[in-house]
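>>> quick one: sequence and predicted model below, then my questions.
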Amino acid sequence: MKTATQTTLHQSRNIERIVQGVATSDGAGVSLTRVLTGKLQRRLDPFLMLDAFGSDDPDDYIAGFPDHPHRGFETITYMLAGRMRHRDSAGHEGLLQNGGMQWMVAGSGAVHSEIPEQEEGVMEGFQLWLNLPAKNKMDKPWYKDFSSEKIPEYTTAGNVTVRVIAGSSNGVAGAMTRETTEPLYLDIHLPAGAIFSTAIPQTHNAFIYVYRGAVQVGDMPVEAQRMGILSNTPGADGLTLSASEDARLILVAGKPLNEPIVQYGPFVMNTQEEIHLALDDFRNGHFA
């Protein structure tokens, strides 16, 4: 457990808009909720997608995500519950378990699979897509697994528990830092009656997603299974939220790239020509 230094904010961001996710399926029929869709990519630049998955019905997740390609961005898979086996075309293999996280940079191209390693019980978590700057889209792909105990965590005086997946919060550095987009990714657990504050760089786009209970930001409630897009109010230097009931949420923020976004399925580049090249390279077996 890390020791935090509570930041004093001058002004909290507010909720600009509430978003309800879209029920869909991906992979070999895995049921999930797509919270951040293509329509929000420009507003929430540098983030491209957020999927929330959670079920205790194996029919919803057992087939997993067989071999599929990616190019041009990063994926962050965070498991709240369950076990997922990762394998990729570079020969890497790892097991993602309760509370663990995998950070993968697809870069110039990777083919990987994510298959549940369980036949019963709850499978729950998130996958977030983070765009790469144009200068890094063709970097060599890599990934890193973090077990639950490797993710820094702190508890405030108000008994709020915060897991720092990326960036830093109240003086506690997270498991990952990334240049250019400078992502912040927190998993926040609030007991009933708690108040929590953390700094967010004024340069960053940001949102919260509540996955248990409900929270209040200013006079705006955000209920479970809802995203709250945070305003980019000049002078706002962070976020303060409260909970009248036990609540859990993720807070995600990042510095926008302000570059063209051209997506074709699992390929995200800057031009149509680069998308055509990605398709050709994948069909010709040139991914790592």
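Thanks, I have it. These figures come from a predicted structure and were not determined experimentally.
>>> and the most centrally placed residue in the chain, what does it touch?
Nearest to the geometric centre of the chain sits residue 128, at 3.3 Å (C-alpha atoms, centre = their mean). The contact partners of residue 128, taken as C-beta atoms under 8 Å, 6 or more residues apart in numbering, are 36, 47, 49-50, 75-78, 185, 252. In this view, the C-beta of every residue, glycine as well, is placed from N, C-alpha and C.
>>> if I've got this straight, it is in a strand?
Yes - assigned with DSSP: H, G, I helix; E, B strand; the rest coil, residue 128 falls within a strand.
>>> ok so, going back, so which of the contacts of residue 128 are in helices?
With helices defined by DSSP state H, no entry of those lies inside them.
>>> out of those residues, which is most surrounded?
With neighbours defined as other C-beta atoms under 10 Å, the most crowded of the contacts of residue 128 is residue 252; it has 27 neighbours.
>>> report the beta-bridge partner residues of that one.
Under the criterion DSSP bridges, residue 252 forms beta bridges with residue 185, residue 207.
>>> test my guess that it contacts residue 184.
Yes - Residue 252 is within contact range of residue 184, at 6.9 Å (criterion: C-beta atoms under 8 Å).
>>> need the residues touching each of those two.
Counting by C-beta under 8 Å, 6+ apart, the residues touching both residue 252 and residue 184 are residue 206.
>>> and of the contacts of residue 128, the nearest to residue 60?
When the contacts of residue 128 are compared for distance to residue 60 (C-beta to C-beta), residue 77 wins out at 16.9 Å.
>>> neighbouring strands - and their directions - for the helix or strand containing residue 198?
Take DSSP states H and E as the rule and residue 198 turns out to sit in strand 195-199. The pairing partners recorded for strand 195-199 under DSSP bridges are strand 238-242 (antiparallel).
>>> list the buried ones in the partner strand?
Buried residues in strand 238-242, defined by neighbour count with 16 or more other C-beta atoms under 10 Å: 238-239, 241-242.
>>> can you redo those as JSON lines with distance to residue 213 and pLDDT?
What follows is these, written out as JSON lines (distance: C-beta to C-beta, whole Å; pLDDT from 0 to 100):
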{"residue": "238", "distance to residue 213": "21", "pLDDT": "98"}
{"residue": "239", "distance to residue 213": "17", "pLDDT": "98"}
{"residue": "241", "distance to residue 213": "12", "pLDDT": "97"}
{"residue": "242", "distance to residue 213": "11", "pLDDT": "98"}
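>>> closest one of those to residue 218?
Distance to residue 218, by C-beta to C-beta, is smallest for residue 241 among the buried residues of strand 238-242, at 8.7 Å.
>>> isn't that closest one up against residue 200?
No - Residue 241 is beyond contact range of residue 200, at 11.7 Å (criterion: C-beta under 8 Å).
>>> mind checking pLDDT for residue 288?
The confidence metric pLDDT takes the value 64 at residue 288.
>>> swap that for residue 226, sorry
According to the prediction, residue 226 has pLDDT 98.
>>> use 47 as the first number for this chain going forward.
Okay, residue one is now 47; in that scheme the one you just asked about reads as residue 272.
>>> so who does it touch?
So residue 272 contacts 64-66, 255-256 (C-beta under 8 Å, 6+ apart).
>>> swap the cut-off to 7 Å and go again
Neighbouring residues of residue 272 by C-beta atoms under 7 Å, 6 or more residues apart in numbering: 64-66, 256.
>>> looking at those, which has the most residues close by?
Busiest of the contacts of residue 272 [other C-beta under 10 Å] is residue 256, holding 22 neighbours.
>>> once you drop chain neighbours, what's closest to that one?
residue 295 (4.4 Å; C-beta to C-beta, 6 or more residues apart in numbering).
>>> is the one you found in a helix, a strand, or coil?
Residue 295 ends up strand, using three-state DSSP.
>>> ok, it touching residue 261?
Yes - here residue 295 reaches residue 261: they are 6.1 Å apart, a contact under C-beta atoms under 7 Å.
>>> distance from the centroid: which residue in the chain tops it?
The chain, farthest from centre, C-alpha atoms, centre = their mean: residue 330 at 30.8 Å.
>>> let me see the contact set for the residue nearest to residue 277 when sequence neighbours are not counted.
Using C-beta to C-beta, 6+ apart and skipping the chain neighbours, the partner closest in space to residue 277 is residue 62 (4.3 Å). Neighbour list for residue 62: 275-277 [criterion: C-beta under 7 Å, 6+ apart].
>>> how far away from the center of its chain is the strand holding residue 244?
Its chain's C-alpha centre lies 19 Å from the corresponding centre of strand 241-245 when counted by C-alpha atoms, centre = their mean, to the nearest Å.
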